[in-house]
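A.B. asks: Provide a 3D model corresponding to the input given below.
(chains A, B and C)
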Amino acid sequence: MSDQRYWLLKSEPTAYSFTDLMAEPNQTAEWDGVRNYQARNFLRDEISKGDWVLFYHSNTNPPAVIGTAVVVRSGYPDNTAWDPNSDHPDPKSTPENPIWFMVDIKGKGALDYPVTLAQIKADPRLKDISLSRRPRISVHPITRMEWDIILEMGKEM
DNA sequence: GCCAACGTTGGC
DNA sequence: GCCAACGTTGGC
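C.D. replies: Next up, the predicted model:
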């Protein structure tokens, strides 16, 4: 709790959108289905309750940060991995030896305006953002400065 | 829908 | 443990 951290989580809106999150009871949902080891390590080891989250829509036009959320439960085993009826079953992961982890997040609010990937890439202050440097990971740490800049951009036309 | 980037798998 | 083949992500 003492070390406030900031993250960017990607989701394909056709699979799960920010609107879906805000429609959940208490605007809270499990962030499950991550099946990438680097992202898993962040979820298991680093994301903590109370951390802030930028919710990013990927594989859509345009890709953009669309809202904010807060982590309400730190990393714990992703039980959808051993549910054969889930969208992302992985029989190698078991309750005794879980491979995959998830967190719970609570949606806070949409930005006034989405901040597009093009805007992020065009801003020299954001040239080092993990989103640009490490494509295809669904969990990115961001800095407080990057958080502030993107939220500010989300209030402007 | 194309395809670049990169992670994962599996033969050897 | 190397690395080619294959699969996936995700911008465009």
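A.B. asks: now the helices for chain A?
C.D. replies: Using DSSP state H, the helices of chain A run over A:18-22, A:37-41, A:117-122, A:130-133, A:144-153.
A.B. asks: A:Leu8 is nearest to which of those helices?
C.D. replies: Nearest to A:Leu8 among these is helix A:130-133 (5.9 Å), distances taken as CB to CB. (Glycine included, C-beta is placed from N, CA and C.)
A.B. asks: now do the buried residues in that closest one.
C.D. replies: Of all the residues in helix A:130-133, those buried under the rule 16 or more other CB atoms under 10 Å are A:130-131.
A.B. asks: quick one: which of the helices of chain A is nearest A:Ile99?
C.D. replies: helix A:37-41 (7.4 Å).
A.B. asks: is the closest one in proximity to DNA strand B?
C.D. replies: Yes: interface with DNA strand B: helix A:37-41 contributes A:37-38 (CB under 7 Å from any atom of the strand).
A.B. asks: in that helix, what's buried?
C.D. replies: Buried residues in helix A:37-41 (16+ other CB under 10 Å): A:39-40.
A.B. asks: got the contact list for that helix?
C.D. replies: Contact with helix A:37-41 is made by A:34, A:99-101, A:134, A:137-139, as judged by CB atoms under 8 Å, 6 or more residues apart in numbering.
A.B. asks: kindly recompute the last result at 10 Å.
C.D. replies: A:9-10, A:34, A:44, A:75, A:78, A:98-102, A:134, A:136-140 (CB atoms under 10 Å, 6 or more residues apart in numbering).
A.B. asks: ditto for stretch A:92-100
C.D. replies: With contact meaning CB under 10 Å, 6+ apart, stretch A:92-100 is reached by A:32-37, A:39-40, A:43-44, A:76-82, A:88, A:90, A:101.
A.B. asks: and the gap between whatever residue of chain A ends up closest to DNA strand B and A:Asn26?
C.D. replies: At 4.1 Å from DNA strand B, A:Tyr37 is the closest residue in chain A, using CB to the nearest atom of the strand. From A:Tyr37 across to A:Asn26, the span is 31 Å (CB to CB, to the nearest Å).
A.B. asks: what residues are up against A:Arg73?
C.D. replies: With CB under 10 Å, 6+ apart, A:Arg73 has these contacts: A:28, A:30-31, A:47-49, A:102-106.
A.B. asks: go on, A:Glu24?
C.D. replies: A:30, A:105-107.
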